[in-house]
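J.: the sequence and its predicted three-dimensional model are supplied below.
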Amino acid sequence: MSLKLNDKFIWDFWHFEEAGRQHLFFLQADRSIGNPDLRHWNVSVGHAVSQDLRDWTVLGTVFGPSTAPAWDDYTTWTGSVIRAEGRHHLFYTGTCRAENGMRQRIGHAVADSIDGPWERVGDGLALDLDERFYEEYQEGRWHDRALRDPWVLPDKIDGQYHMFYTARRNDGPLYERGVIGHAVSPDLVHWTATAPVYAGGHYGQLEVPQVFERDGRWYCVFCNVAAHWSDAMRAAHHGGVSGTHYLVADHPLGPWAPAPGFLDGDVPCRRYAGKILRDPVTGQDSLLAFLDNGADGAFVGAICDPIPLKRENGLYTLADLSAPA
């Protein structure tokens, strides 16, 4: 496997390339916590660099929760990094202890160098939930208030920066409410939520979106688990799988639709929260994901080597369907 830390679980990650260096920012938690399910509540952000997405130099912890009390004093979860407006920008998910981590918000930090240090913009808060479009937390309905995993495009479209994120709409069956949320900003600091760019109907949630363009077609990579598929999707796909798939569109603002099939899934889940990246060795697109269940059923908590992808007629498949975890 490509990136594994002996003393830490690692899972969701985001990528940034600069001057030929491949940067991964990733969620991490000390393996000493024992139960890997506790990692989400004992989290910080790590940073590693590579030339080839295979051999990594770990630079250590670069970001983490604020000092209490604060809106992000409990967790700092998945995000994205861009360079724009003369600086590097980190967008991330935060929760607070006062709400037991149940309500997610999106934060913003900046740095002059990709290597940091990262400083919050004001108190860090960039976007809170807009109930006109998105579901607020209600105990017993869903396990949290989904407003997380921000993915920001580095270039403006129609004079605005665009942010995509995991969210849920206000209406419809429980497992059809998962949407790709959307917000716009003129300056990366002041954000306004808009209606979802993908209005759902297929899944309870679509986690860790990654939005990019290839040859005029747009892709929104996401991950989810079979238990959060709609009844219709599970029926059409033999009960569903857990892993990484994608939406397709002709424009980043949609309309978006799930691609046929499922890109990389299994039950139990082998790999999760994948990203589609250019492999600097082959020059071709590849899939990078964190390793979930190992052969013994235990959580692995590492990131795999690049898995080659094929793209034909605008659709991705694994180049080697027997690729090992």
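T.: The structure has been received and is ready for your questions. Predicted, not measured: the structure shown is a model, and the values here were computed from it.
J.: got the phi/psi numbers for the spatially most central residue of the chain?
T.: Against the mean C-alpha coordinate of the chain, by Cα atoms, centre = their mean, the closest residue is Val208 at 2.2 Å. With angles defined as degrees, to the nearest 10, Val208 sits at phi 50, psi 60.
J.: contact partners for it?
T.: Residues in contact with Val208 (Cβ atoms under 8 Å, 6 or more residues apart in numbering) are Asp12, Thr78, Asp149, Thr166, Val221, Phe222, Cys223, Ala273. All C-beta atoms are positioned from the backbone trio N, CA, C, and that covers glycine.
J.: repeat that with 6 Å
T.: Going by Cβ atoms under 6 Å, 6 or more residues apart in numbering, Val208 touches Asp12, Thr78, Asp149, Cys223, Ala273.
J.: closest to Ala48 among those?
T.: Asp12 (13.8 Å; Cβ to Cβ).
J.: ok, that closest one - how many residues close by?
T.: Counted with other Cβ atoms under 10 Å, residues neighbouring Asp12 total 26.
J.: tell me which stretches of the stretch 201-325 of the chain form helices.
T.: For the stretch 201-325 of the chain, the helices defined by DSSP state H, counting those that start in this stretch cover 231-236.
J.: poorly predicted segments of it, please.
T.: Residue ranges of the stretch 201-325 of the chain with pLDDT under 70: 321-325.
J.: distance check, the nearest residue to Gln160 once chain neighbours are set aside against His190.
T.: In this structure, Gln160 finds its nearest non-sequential neighbour in Val184, 4.2 Å apart by Cβ to Cβ, 6 or more residues apart in numbering. Remark: distance between Val184 and His190 (Cβ to Cβ, to the nearest Å) = 10 Å.
J.: of these two, who's got more company?
T.: Between Val184 and His190, counted using other Cβ under 10 Å, Val184 has the larger neighbour count: 18 against 10.
J.: on that earlier part again, unless I'm mixing things up, the residue nearest to Gln160 is touching Asp158, no?
T.: No - if you go by Cβ atoms under 6 Å, Val184 and Asp158 don't touch, sitting 8.9 Å apart.
J.: before we move on, the earlier item: quickly list what the residue nearest to Gln160 is bridged to.
T.: His162, Thr192 (DSSP bridges).
J.: the contacts of Val208: which two are farthest apart?
T.: Thr78 and Cys223 (10.5 Å).
J.: which of these two has more neighbours?
T.: Cys223 (30 against 26).
J.: so who does that one touch?
T.: Glu207, Val208, Thr244, Tyr272, Ala273.
J.: how close does it get to Ile33?
T.: 23 Å.
J.: Trp71 reaches Thr95, doesn't it?
T.: No - using Cβ under 6 Å, Trp71 makes no contact with Thr95, being 8.1 Å away.
J.: compare those two (neighbour count), which wins?
T.: Neighbours per residue (other Cβ under 10 Å) separate Trp71 from Thr95, with Thr95 holding more: 27 against 18.
J.: and that one, its phi and psi?
T.: Dihedral angles (degrees, to the nearest 10) for Thr95: phi -140, psi 160.
J.: quickly list what it is bridged to.
T.: Thr75.
J.: who's Leu27 bridged to?
T.: Here Leu27, judged by DSSP bridges, has bridge partners Val45.
J.: so what's the residue count around it?
T.: 27.
J.: what number of residues lie near Asp73?
T.: When neighbours are counted by other Cβ under 10 Å, Asp73 registers 16.
J.: now do Gly20
T.: By other Cβ under 10 Å, the burial measure for Gly20, its neighbour count, is 7.
J.: again, but for Glu131
T.: Considering only other Cβ under 10 Å, Glu131 is surrounded by 10 other residues.
J.: need the pLDDT of it.
T.: Looking at Glu131, its pLDDT reads 97.
J.: wait, Trp191 sits on Val184?
T.: No - counting by Cβ under 6 Å, Trp191 does not reach Val184; the two are 7.1 Å apart.
J.: buried sites along stretch 182-196?
T.: Neighbour-count burial for stretch 182-196, counted by 16 or more other Cβ atoms under 10 Å, picks out His182, Ala183, Val184, Ser185, Leu188, Trp191, Ala193, Thr194, Pro196.
J.: alright, calling it a day.
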